[in-house]
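A.B. asks: What follows is a predicted protein model with its sequence.
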Amino acid sequence: MLETTLYHLTYASLIVLSLGIFTSVSFTALAHIFLVIPGVYFCFKNYRSVKFSKTSWALLGVVVTIVLSLIFNLDIVPRPWATLLKIKYFVIPLLGVCALHAIPPKYFTNRRISIVLNLFLFATTVASLSGIVAYYTGYNYLRGKASCHPDRACGLYGMYMTYGYGLSLFMVLLTGILLYRDEVKKWIPTWWMGLAFAINLLGLYLAFCRGGWIGYAVALPCFFLKKNKKMIMALVTISVFLVILAFNFFAPLKQMAANREGSNAQRISFAQTAIVAFKERPFFGWGYRNFEPNVKALKEKYNIDHKYFGGHAHNNYLEHLASTGIFGCIALVIFSLLWAYENYKRDDLVSRLTFPFAISFIVSGQFQYTFGDGENIFLIMAVFMISEATSVGVFTQKSFPESQK
């Protein structure tokens, strides 16, 4: 009875993630509440049968470097213990791997899987549709307020960058679902996949996030990397042609790509600031999430341009380099590369979706701090949790103890 309840709690967390990732970060936090008890319980009970992958251990390494960066910077981090609690974004998904691993495969019926996937598709598409309407009318009717930006779609978020980069990662998954529709159509109708793809692609375009588009474009050939190298060459050729065409004939895209000298210069200044911050504190950085509060002072100290513009490094790896030092940056690089590599080596539906997703995460993370953005972390870590759970045996009988078969 207890374990059945824990199965239901774990499944409820997946439903919350499906409904909340692109609609409400506060609602999505409920998924963590649902996951904690099943995760802790099954991690202790089945610690011998759960064999964490190298990727999971690397993520644990990221967590350790975050903790160390705070311990060694207690004197300059304003609220170190409150900041420490933010490791929940990484620890709870690791616990979630244990929870998913413990659920008998027969629990995940086609109906239950279909509910989670269709809710995710529905919630995200509604969010994008709301943002598209707000882009053209100036008012987001679902949020009950003006659009967050006059010239860029924001979905249901209050920040277009968060929406654009998160949606680019989502579009990688949705593209894969379309490519593998014969395997997925038992859960999602093909017409619904196509409609959701069209609406969300328009939302991604209207967000005008260059790094998000680059991450999405680089991820597309990865779906064919193992089996069809000629297809990759064709995709690259077509992509280059379409980019040239769009650059010359679509004014908004041309503006997105070429007419942002101010934005480019600001990003360069953030990168320069991250580097000097690292040089000052190379081993453990300035403390997790403590680089951004010190950016203006560092710019002033080293005479870096755009002194009055604060913010994060707009790069996952530079941000960790500045805030958690060389050890934190290396840990994040190892996690990113292992996540992509281990899913590349596998050959199941989840890994075929996750490998391009991980590549997109690496590439788009060069242009935005997605690994510290609450809304985007929920998406990234949800995909991580499911991909890791499948790698250690969920949905198969062979990895479960006899008592659970």
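C.D. replies: Now that the structure is in, tell me what you want to look at.
A.B. asks: contacting residues for residue 149?
C.D. replies: residue 160 (Cβ atoms under 8 Å, 6 or more residues apart in numbering). Every residue, glycine included, has its C-beta placed from N, CA and C.
A.B. asks: so how far is residue 134 from it?
C.D. replies: Using Cβ to Cβ, to the nearest Å, we find residue 149 at a distance of 9 Å from residue 134.
A.B. asks: who touches both of these two?
C.D. replies: Contact criterion Cβ under 8 Å, 6+ apart; residues shared by residue 149 and residue 134: none found.
A.B. asks: burial count for residue 15?
C.D. replies: 17 (other Cβ atoms under 10 Å).
A.B. asks: Next: residue 356.
C.D. replies: Using other Cβ under 10 Å as the criterion, the residues surrounding residue 356 number 28.
A.B. asks: check which helix or strand covers it.
C.D. replies: Secondary structure assignment for residue 356, by DSSP states H and E: helix 349-364.
A.B. asks: Report all helices and strands that that helix contacts.
C.D. replies: Judged by 3 or more Cβ pairs under 8 Å, 6 or more residues apart in numbering; DSSP states H and E, the packing partners of helix 349-364 are helix 160-179, helix 210-219, helix 316-345, helix 374-391.
A.B. asks: now for the second one, which elements pack on it?
C.D. replies: In terms of contact count using 3+ Cβ pairs under 8 Å, 6+ apart, helix 210-219 is assigned the packing partners helix 160-179, helix 190-207, helix 349-364.
A.B. asks: could these be laid out in a markdown table, adding distance to residue 378 and mean pLDDT?
C.D. replies: Below are the helices and strands packed on helix 210-219 laid out as a markdown table (distance: least, Cβ to Cβ, whole Å; pLDDT from 0 to 100):
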| stretch | distance to residue 378 | mean pLDDT |
| --- | --- | --- |
| helix 160-179 | 9 | 95 |
| helix 190-207 | 17 | 96 |
| helix 349-364 | 13 | 95 |
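A.B. asks: Tell me which of those helices lies nearest to residue 87.
C.D. replies: helix 349-364 (18.9 Å; Cβ to Cβ).
A.B. asks: what does the closest one contact?
C.D. replies: For helix 349-364, contacts defined as Cβ under 8 Å, 6+ apart pick out 165, 168-169, 172-173, 175-177, 180, 183-184, 211-212, 214-216, 218-220, 222-223, 225, 336-337, 339-340, 343-344, 370, 380, 383, 386-387, 390-391.
A.B. asks: and if you look at stretch 110-119?
C.D. replies: With Cβ under 8 Å, 6+ apart as the test, stretch 110-119 has contacts from 11, 14, 15, 18, 19, 184, 186, 187, 188, 192.
A.B. asks: what mean pLDDT does it have?
C.D. replies: Stretch 110-119 carries an average pLDDT of 96.
A.B. asks: let's number from 53 now, not from 1
C.D. replies: From this message on, residue numbering opens at 53, which makes the last subject stretch 162-171.
A.B. asks: And the next helix or strand past the helix or strand bottoming out on mean pLDDT in the chain?
C.D. replies: Between all helices and strands in the chain, the lowest mean by mean pLDDT, DSSP states H and E belongs to helix 303-310, at a mean of 53. Downstream of helix 303-310, the first helix or strand assigned by DSSP H and E is helix 313-332.
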